[in-house]
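Student: build me a model:
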Amino acid sequence: MENTIDLKDKIAQLPQIGYLDFELDPTLDLFAEIEKLKKEKNAILLAHYYQEADIQDIADYIGDSLQLAQKAQSTDADIILFAGVHFMAETAKILNPTKKVILPDLKAGCSLADSCPPEDFAAFKKKFPGYAVISYINCSAEIKALSDYICTSSNAEFIVNTIPKEQGIIFAPDRNLGSYLSKKLNREMVLWDGSCMVHEIFSLEKIQNLKAKHPAAKLIAHPECEAAILEISDYIGSTTGLLKYTQTDTSQEYIVATETGILHKMMQASPQKTFIPAPPNNSCACNDCPHMKLNTLEKIYLCLKYELPELFINEDLRIKAKLPIDRMLEISAKAGLK
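Tutor: Purely as a prediction, here's the structure:
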């Protein structure tokens, strides 16, 4: 049992290491303990599809960024435990200022969000006065506050199409998603030069070789991938879009160009089908998001037990960041997106 002094020391270490670093009894049934704590504390565990399989299995709700934002907006839980990355928990707090939002590891960041520093983006925005700013949800609260609309890969086309044709658009922070939208919708956009480390790591040559070995397999890709990958894809869609496609499509084999966490749900939904992770351009497991994979069952248990680390946000910033999120959620609701 952890004593008070130990707990104080561990809390003091949170800014440096990001999580409560207690050694747990290896015989502890983490699944049972987490379920017990959720009931005791009226807590909801939200998890992104890119989490490890055990976390997905114990989550109360699993989804992509749009679905998780919608669930965070509607939940009646007192505590939201967000198994994802920092900007996702931050979005939940923006939408729920009176609820306690906790996350297993403060260091679970996002390479795409990090690629768009707020001061630099504010200066970039000033170069294009009068332009509407659409920011992908994978960004910090500060970037959201500088935006007119937030989007996800599920609703980005709907968001872009709400803006008049004659209106200039700045799209941030993902240049690959922005370029894909610009080409598909025939809309000129000024693109911030940011990217996701996971979706840029796929090897075109290795994928082509894989397709040659598996000629019946369809290549399905997330629009954060580079254009060369998207051009040879059989289907392009959001994480949920990819999952649904594999459930309704008649093919029996797929090469999946996105983070490998989604394969767990794909295999659960279609156990008779084969899912092959698209290979990266080196020998590492680089299509696993290192930030998403920082979360573990042990960290989730400790996070829920002590209700730490907790996420806080400045109220003025929260109000500014909430406006473009609200616009996104309203447009998504009207479009029937879930």
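
Student: can you give the domain ranges for this structure?
Tutor: Annotated domains of the chain cover 4-110+291-312, 112-196+318-334, 204-277 [automatic domain parsing].

Student: which residues of the stretch 101-250 of the chain fall in helices?
Tutor: Assigned by DSSP state H, counting those that start in this stretch, the stretch 101-250 of the chain shows helices spanning 111-114, 118-126, 141-145, 156-161, 175-185, 204-213, 227-231, 239-248.

Student: what packs against the fourth one?
Tutor: Helices and strands touching helix 156-161, by 3 or more C-beta pairs under 8 Å, 6 or more residues apart in numbering; DSSP states H and E, are strand 132-136, strand 149-151, helix 175-185, helix 315-334. Glycine gets a C-beta too; all of them are placed from N, C-alpha and C.

Student: any idea how far the second one is from the chain center?
Tutor: Between the centre of strand 149-151 and the centre of its chain there are 14 Å (C-alpha atoms, centre = their mean, to the nearest Å).

Student: other residues contacting it?
Tutor: 132-137, 144, 159-160, 162-163, 324-325, 327-328, 331 (C-beta atoms under 8 Å, 6 or more residues apart in numbering).

Student: tell me the strands beside that strand, with direction?
Tutor: Applying DSSP bridges to the sheet, strand 149-151 is found paired with strand 132-136 (parallel).

Student: show me what contacts Gly84?
Tutor: Leu46, Ala47, His48, Tyr50, Gln51, Leu68, Leu103, Ala108, Met292, Asn295.

Student: got any ranges where the chain has weak pLDDT?
Tutor: 1-5, 282-286 (pLDDT under 70).

Student: same thing but at 90, please
Tutor: Low-confidence segments of the chain (pLDDT under 90): 1-7, 50, 64-70, 72-73, 109-112, 114, 195-204, 259-260, 279-293, 337-338.

Student: okay, buried residues for stretch 106-122 please.
Tutor: 106-117, 121 (16 or more other C-beta atoms under 10 Å).

Student: over to stretch 41-48?
Tutor: Result for stretch 41-48 [16+ other C-beta under 10 Å]: buried residues Lys41, Ala43, Ile44, Leu45, Leu46, Ala47, His48.

Student: send the alpha carbons of stretch 127-138 over as CSV?
Tutor: Presented in CSV, the C-alpha positions along stretch 127-138 are these (Å, rounded to 0.1, in the frame of the first residue of the first chain):
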residue,chain,number,x,y,z
LYS,A,127,-0.4,37.0,-43.6
PHE,A,128,-3.8,36.0,-44.9
PRO,A,129,-6.4,38.5,-43.5
GLY,A,130,-10.0,37.5,-44.0
TYR,A,131,-9.2,33.9,-44.6
ALA,A,132,-11.3,31.3,-42.8
VAL,A,133,-9.1,29.1,-40.6
ILE,A,134,-9.9,25.4,-40.5
SER,A,135,-7.8,23.4,-38.0
TYR,A,136,-7.7,19.6,-37.8
ILE,A,137,-8.6,18.5,-34.2
ASN,A,138,-5.1,17.2,-33.8
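
Student: which residues sit against that stretch?
Tutor: In contact with stretch 127-138 (C-beta under 8 Å, 6+ apart) are residues 65-66, 69, 87, 91, 110, 112-113, 125, 143-144, 146-153, 156, 159-160, 163, 167-174, 177, 190, 196, 324-325, 328.

Student: is it possible to mark the buried ones in those residues?
Tutor: 65-66, 69, 87, 91, 110, 112-113, 125, 143-144, 146-153, 156, 159-160, 163, 169-174, 177, 190, 196, 324-325, 328.

Student: quick one: the strands in this protein, in order.
Tutor: For the chain, strands defined by DSSP state E occupy the ranges 43-48, 61-63, 79-83, 100-102, 132-136, 149-151, 169-172, 190-191, 218-221, 235-236, 253-257, 274-277.

Student: could you dump these into a markdown table with distance to Phe31 added?
Tutor: Formatted as a markdown table, the strands of the chain follow (distance: least, C-beta to C-beta, whole Å):
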| stretch | distance to Phe31 |
| --- | --- |
| strand 43-48 | 12 |
| strand 61-63 | 16 |
| strand 79-83 | 14 |
| strand 100-102 | 19 |
| strand 132-136 | 34 |
| strand 149-151 | 34 |
| strand 169-172 | 40 |
| strand 190-191 | 44 |
| strand 218-221 | 31 |
| strand 235-236 | 34 |
| strand 253-257 | 27 |
| strand 274-277 | 25 |
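
Student: closest to Ile17 out of those?
Tutor: Among the strands of the chain, strand 100-102 comes nearest to Ile17, with 15.9 Å by C-beta to C-beta.

Student: check the offset of the closest one from the chain's centre.
Tutor: Put simply, strand 100-102 sits 17 Å off its chain's centre (C-alpha atoms, centre = their mean).

Student: repeat that for stretch 184-200.
Tutor: Centroid separation for stretch 184-200 versus its chain: 16 Å, with C-alpha atoms, centre = their mean.

Student: what residues of that stretch count as buried?
Tutor: So for stretch 184-200, counting by 16+ other C-beta under 10 Å, buried means Arg187, Met189, Val190, Leu191, Trp192, Gly194, Ser195, Cys196, Met197, Val198, His199, Glu200.

Student: count the residues that sit near the closest residue to Phe158 other than its chain neighbours.
Tutor: Excluding its sequence neighbours, the residue lying closest to Phe158 (C-beta to C-beta, 6 or more residues apart in numbering) is Ala335, at 4.8 Å. Ala335 has 15 neighbours, counted by other C-beta atoms under 10 Å.
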